[in-house]
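# Fold the stuff below for me.
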Amino acid sequence: MVIAFQITNTTSDFNYNCFLKLALKYPTNQFLMLHQKQHVIKKDIPENIKPVKLKYAHNTGVYHAVLNQIQLRAYLKKFKVSYYFSSNEASIAIKNITKIAFLHHTKFIKQKQKFKKTNNADFLIATNECVYEKTIKIIPEFKNKTKMIPYGVETMEPISMEDSIILKKQYTEEKDFFLAIQKGCSTAQLLVLLKSFSAFKKWQQSNFKLVIYVDEKQLKSLKKLLANYKYRSDVLLVNKSEDYAALFGAAYAVLFGGNDSHFMEMNQLAFKYKIPMLIPEDEHYNAIAKNAAVYCDLSEKTIADNLILLYKDETLINSIIENMEKQSEQLQWEDVSEKLWDCIFNKKA
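Next comes the predicted model:
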């Protein structure tokens with residue numbers, strides 16, 4: 001049996017994490033991994049996974065979306081695929097192949113008529129309770145083909161105290177720090193973050209620093225904001241993914257700036273390293289992180305108040321980490337992948 005799955009990245013992607021486990025467990029099956037050219041594929045993937053590079057992406061304009069559909073059909077036919085797992089809510093119309101689409105957000109479901117018209121999946125997999133409930137409520141006729149399989153998390157392996165000290169020496173002059181994930185956020189949001197950190201510094205008089213993860217396009221505008229910023233010596237900007245991943249394990253807590261495309265990766269790393277999260281109050285985020293995070297709106301005062309809360313309340317920190325541990329026990333990728341296999345191939349509910 002040939003099973004094709006498309007991925008969007010190689011860290012937090014649902015398909016990537018599941019099918020690496022399944023390929024090892026079911027070595028007699030062949031797996032086709034469809035990926036974009038920017039994805040760096042690890043060399044140690046199982047031998048029964050064949051990476052195939054896609055030239056066109058589905059989300060870069062109408063022209064490329066059409067070419068994406070053409071190339072997908074060609075590959076699925078060429079390799080005689082029996083099952084195709086998309087990486088998103090869409091699924092192509094092609095006969096004699098079982099198609100499975102993933103629903104990670106509610107925004108697509110709310111466009112009811114468009115979603116019903118463009119969705120050609122035989123099965124829909126909702127990756128959190130909020131999406132599942134909204135799907136069967138808004139489109140009840142999809143109930144029989146919609147299943148709920150939650151996102152998994154990586155095995156917990158917090159870094160050692162020694163490694164944490166080394167990283168802090170390298171990046172933050174041995175000081176504790178908050179890590180803010182602001183990649184793709186607006187200049188206005190970045191300004192709110194800096195003002196919140198100012199309030200935190202004013203009230204706590206601490207040596208804490210703020211590390212902000214941004215993309216290349218944001219660096220110039222953020223450097224301008226920092227030019228006359230009172231606490232600029234306590235702010236560090238990073239935009240390289242290797243620095244971001246290294247710093248994550250040494251952070252005191254992580255603040256998410258609200259750009260959906262980076263949420264799952266942040267959530268994965270937070271669970272892996274047992275780092276408390278401060279994230280926006282949102283039904284989607286709440287359904288995933290549950291009680292393993294502190295929630296707030298992204299206003300200046302609220303962020304500042306919650307930074308102070310995380311700094312002062314050791315009981316809260318311990319509670320968050322305990323909740324992470326409980327969730328982690330139930331959401332290991334090994335178990336999630338097996339649930340996906342049972343649902344689709346063994347026809348178990």
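
# Name the residues of stretch 203-219 that come out as buried.
Of all the residues in stretch 203-219, those buried under the rule 16 or more other C-beta atoms under 10 Å are 208-214, 218. All C-beta spots, glycine's among them, are computed from the backbone N, C-alpha and C.

# where exactly do the helices run in the protein?
Counting by DSSP state H, the chain has helices at residues 14-25, 62-78, 107-110, 112-118, 129-138, 161-171, 187-204, 216-226, 241-248, 263-273, 283-289, 300-312, 314-330, 333-344.

# that older thread, so which of the buried residues of stretch 203-219 is the closest to K301?
L210 (16.8 Å; C-beta to C-beta).

# Got the domain ranges for the protein?
Taking automatic domain parsing as the criterion, the chain consists of the domains 2-152, 161-330.

# among those, which is nearest C343?
Nearest to C343, of the domains of the chain and by C-beta to C-beta, is domain 2-152 at 5.1 Å.

# re the thing from before, and I344, which of the domains of the chain is closest to it?
Nearest to I344, of all the domains of the chain, is domain 2-152, at 6.2 Å by C-beta to C-beta.

# ok, back up a step: may I see the helices of the chain arranged in JSON lines, with mean pLDDT as well?
Formatted as JSON lines, the helices of the chain follow (pLDDT from 0 to 100):
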{"stretch": "helix 14-25", "mean pLDDT": "92"}
{"stretch": "helix 62-78", "mean pLDDT": "76"}
{"stretch": "helix 107-110", "mean pLDDT": "70"}
{"stretch": "helix 112-118", "mean pLDDT": "64"}
{"stretch": "helix 129-138", "mean pLDDT": "87"}
{"stretch": "helix 161-171", "mean pLDDT": "92"}
{"stretch": "helix 187-204", "mean pLDDT": "90"}
{"stretch": "helix 216-226", "mean pLDDT": "83"}
{"stretch": "helix 241-248", "mean pLDDT": "82"}
{"stretch": "helix 263-273", "mean pLDDT": "89"}
{"stretch": "helix 283-289", "mean pLDDT": "87"}
{"stretch": "helix 300-312", "mean pLDDT": "93"}
{"stretch": "helix 314-330", "mean pLDDT": "92"}
{"stretch": "helix 333-344", "mean pLDDT": "92"}
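
# about what we covered before: rebuild the buried residues of stretch 203-219 as TSV, extending it with distance to T127.
What follows is the buried residues of stretch 203-219, written out as TSV (distance: C-beta to C-beta, whole Å):
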residue	distance to T127
F208	34
K209	34
L210	31
V211	29
I212	28
Y213	24
V214	27
Q218	28
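
# quick one: which of these is nearest to S198?
L210 (9.9 Å).

# What does the pLDDT read for the closest one?
We have a pLDDT of 94 for L210.

# ok, it - contacts?
By C-beta atoms under 8 Å, 6 or more residues apart in numbering, the contact set of L210 is 177-178, 180, 193, 197, 231, 234-236.

# now with 10 Å?
Going by C-beta atoms under 10 Å, 6 or more residues apart in numbering, L210 touches 172, 177-180, 193-194, 196-198, 200-201, 231, 234-237, 255, 307.

# same question, A93
A93 makes contacts with 69, 73, 99, 118-120, as judged by C-beta under 10 Å, 6+ apart.

# buried subset of these?
69, 99, 119.

# Could I get the residues you listed in JSON lines, plus columns for distance to E133?
Formatted as JSON lines, the buried ones among the contacts of A93 follow (distance: C-beta to C-beta, whole Å):
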{"residue": "Q69", "distance to E133": "30"}
{"residue": "K99", "distance to E133": "23"}
{"residue": "N119", "distance to E133": "18"}
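
# Just name the closest of those to N17, please.
Nearest to N17 among the buried ones among the contacts of A93: K99, at 20.2 Å, using C-beta to C-beta.

# Give me the distance between that closest one and M1.
For K99, the distance to M1 (C-beta to C-beta, to the nearest Å) stands at 15 Å.

# Ok, which of the helices of the chain comes nearest I94?
Of all those, helix 62-78 comes closest under C-beta to C-beta, at 5.6 Å.

# Just checking the distance from stretch 168-180 to the centre of its chain.
Computed by C-alpha atoms, centre = their mean, to the nearest Å, the chain-centroid distance of stretch 168-180 equals 24 Å.

# Identify the residues contacting the residue positioned nearest the centre of the chain.
Geometric centre of the chain, nearest residue: M264, 1.5 Å, by C-alpha atoms, centre = their mean. Counting by C-beta under 10 Å, 6+ apart, M264 makes contact with 8-9, 11-14, 104, 127, 151, 153, 288.

# Tell me how many other residues surround K77.
Residues near K77, counting by other C-beta atoms under 10 Å, number 12.

# Could you measure from it over to L225?
Distance of K77 to L225, given as C-beta to C-beta: 52 Å.
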